[in-house]
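**Student:** Turn this into a structure:
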Amino acid sequence: MAEFLEQLPMPLAYFRLILRGFGDTPARREAILAGTGVSEEMLLDPSAEISLRHQIVQIENLIGLFGEGWALRAPALWNSTTSHGPLGVAGLAAPDLATMMDLIARFGFVRAPFHRTSLRRGANWCQLDFDLTVDIEERLWRSMMEIAFIGIRAGIGAVLAAPPTQARFFFACAEPDHAREVRAVLGDGVVYRARGNAIRFPAAWLKLPSPFADAALYAVAVRELQEAKARIAVPVDLLGRVERILKSQPAGRLAADEVARLTGVSRRTLVRRLSEAGTGYRELLDRELRGRAERLLQEDSLSHARIAEELGYTDPSSFSRACRRWFGRASQVSR
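**Tutor:** As a prediction, the model looks like this:
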């Protein structure tokens, strides 16, 4: 199961947002990060990605710190359009509520890969159904579902310009101890022990135009969602991500364990996926070092020993052997 969860990419934005909202002391920040495998370097790296496994560990930590109703302690975190990335932006920039709901159904799993969303319409009602696709504990998926419901309720309320009091929020679980807090945020229309997780609201709302409609912004956000969907639909481009990470390093070097952390997978998964791509980590590292060595040698401004140092070789003779292996002629490395 852990390896399966590692294959599901999760936006690092939620992880950062949760850490900022709840890690208000050094001790809490450390406790929220414990066991996740997410480093401070990853949090600062805009190219770093995580998996659903990392997010689940973080949520387990939050439950340990604040209890199962932790997400209700800071509902403002989930109300912001930017909290939900391109999905939130596209939803509000959409021409009407019907388009917003369609976007959530089409692209919801891009931001929350633990469920698939579908849209049903009756004569007088419309319903978003959330079908769980990952076998995780109820206390974990319920927290994530609460966050999703708070965000969608905020989007509907923004279009209505009023609280969506007629909306109903269905949870496919027993009523938790923090149900009162849930109703304080979502309203009285919260129902537990439902057949499935869902949001139902009057069909007439679908025709409401969005006061935030912006065709250009909508188009940009939808393109980003389509690209994210394509990355999930096919095997993640781990090879390209590893290559980009190596290129970003000052000496082009990084331990395989650290690269695995930066790409959001275990070392075992990293090795397996690179093998499936027809290569290995040592080969990628060697290729990056060779390219750098070739460029530096052509500059003709650095000594052989300095180039070796630039590439992280502690012994110039090791660099010489590598150059002979790469370029085949000793004359190319004698400086």
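**Student:** contacts, neighbours, all on C-alpha from now
**Tutor:** Fine.
**Student:** Which residues does the top helix by length along the chain contact?
**Tutor:** In the chain, with assignment by DSSP state H, the single longest helix is helix 138-160. Contact partners of helix 138-160, identified using Cα atoms under 8 Å, 6 or more residues apart in numbering, comprise 56, 59-60, 68-72, 75, 78-81, 84, 88, 91-92, 96-97, 114, 163-164, 169, 171, 173, 182, 185-186, 199, 208-211.
**Student:** A228 and G108 touch, don't they?
**Tutor:** No - the pair A228 / G108 is not scored as a contact, 11.0 Å apart, by Cα atoms under 8 Å.
**Student:** which of these two has more neighbours?
**Tutor:** Taking neighbours as other Cα atoms under 10 Å, A228 and G108 compare with G108 leading, 23 against 16.
**Student:** list the buried ones in the longest helix of the chain?
**Tutor:** Using 16 or more other Cα atoms under 10 Å as the test for burial, helix 138-160 gives 139, 141-156, 158-160.
**Student:** and what of stretch 44-59?
**Tutor:** In terms of neighbour count (16+ other Cα under 10 Å), stretch 44-59 has its buried residues at A48, E49, I50, S51, L52, R53, H54, Q55, I56, V57, Q58, I59.
**Student:** repeat for stretch 261-271
**Tutor:** Buried-residue list, stretch 261-271, by 16+ other Cα under 10 Å: R261, L262, T263, G264, V265, S266, R267, T269, L270, V271.
**Student:** got the residue ranges for the helices in the stretch 51-200 of the chain?
**Tutor:** 52-66, 76-79, 85-93, 97-111, 138-160, 179-186 (DSSP state H, counting those that start in this stretch).
**Student:** which phi and psi does Q249 have?
**Tutor:** Dihedral angles phi and psi of Q249 (degrees, to the nearest 10) take the values phi -80, psi 140.
**Student:** going forward, begin numbering at 648 instead of 1
**Tutor:** All set: I'll call the first residue 648, so the last point we hit is now Q896.
**Student:** and it, what does it touch?
**Tutor:** For Q896, no residue meets the contact criterion (Cα under 8 Å, 6+ apart).
**Student:** Let me see the confidence value for it.
**Tutor:** Model confidence at Q896, given as pLDDT, is 75.
**Student:** same check, this time on Q979
**Tutor:** pLDDT for Q979: 47.
**Student:** Show me where this protein dips below the pLDDT cut-off.
**Tutor:** Within the chain, the ranges that satisfy pLDDT under 70 run 648-651, 654, 694, 727-729, 878-884, 898-899, 976-982.
**Student:** Tell me where it has strands.
**Tutor:** For the chain, the strands defined by DSSP state E cover 656-657, 697-698, 762-768, 772-779, 815-817, 837-838, 844-849.
**Student:** counting contacts, what elements does the fifth one pack onto?
**Tutor:** Think strand 815-817. With contacts taken as 3 or more Cα pairs under 8 Å, 6 or more residues apart in numbering; DSSP states H and E, strand 815-817 sits against strand 837-838, strand 844-849.
**Student:** neighbouring strands for the last one, and are they parallel or not?
**Tutor:** Think strand 844-849. Counting by DSSP bridges, the strands paired with strand 844-849 are strand 772-779 (antiparallel), strand 815-817 (antiparallel).
**Student:** out of those strands, deepest packed?
**Tutor:** Comparing the strands paired with strand 844-849 on average neighbours per residue, with mean count of other Cα atoms under 10 Å, the densest one is strand 815-817 at a mean of 22.
**Student:** what's the spacing between that one and its chain's center?
**Tutor:** 26 Å (Cα atoms, centre = their mean, to the nearest Å).
**Student:** Quick one: closest of the strands of the chain to K894.
**Tutor:** Set against K894 and scored by Cα to Cα, the strands of the chain come closest in strand 697-698, at 19.6 Å.
**Student:** Determine the set of other helices and strands touching that closest one.
**Tutor:** By 3+ Cα pairs under 8 Å, 6+ apart, strand 697-698 packs against strand 656-657.
**Student:** Kindly check the end-to-end length of stretch 776-786 for me.
**Tutor:** 19 Å (Cα to Cα, to the nearest Å).
**Student:** now swap in stretch 692-701 and tell me
**Tutor:** End residues of stretch 692-701 are separated by 16 Å (Cα to Cα).
**Student:** Tell me which residues are up against it.
**Tutor:** Residues contacting stretch 692-701 (Cα under 8 Å, 6+ apart): 649, 652-659, 683-685, 689, 760-761, 909-912.
**Student:** which of those count as buried?
**Tutor:** The buried subset of these - by 16+ other Cα under 10 Å - is 652-659, 683-685, 689, 760-761, 909-912.
**Student:** So for stretch 669-680, what gets flagged as buried?
**Tutor:** Residues of stretch 669-680 classed as buried by neighbour count (16+ other Cα under 10 Å): F669, G670, R675, R676, A678, I679, L680.
**Student:** what's the spacing between the last one and F816?
**Tutor:** With distances taken as Cα to Cα, L680 is found 31 Å from F816.
**Student:** same thing with the first one?
**Tutor:** Counting by Cα to Cα, the gap from F669 to F816 is 25 Å.
**Student:** With the fourth one instead?
**Tutor:** With distances defined as Cα to Cα, the gap from R676 to F816 amounts to 32 Å.
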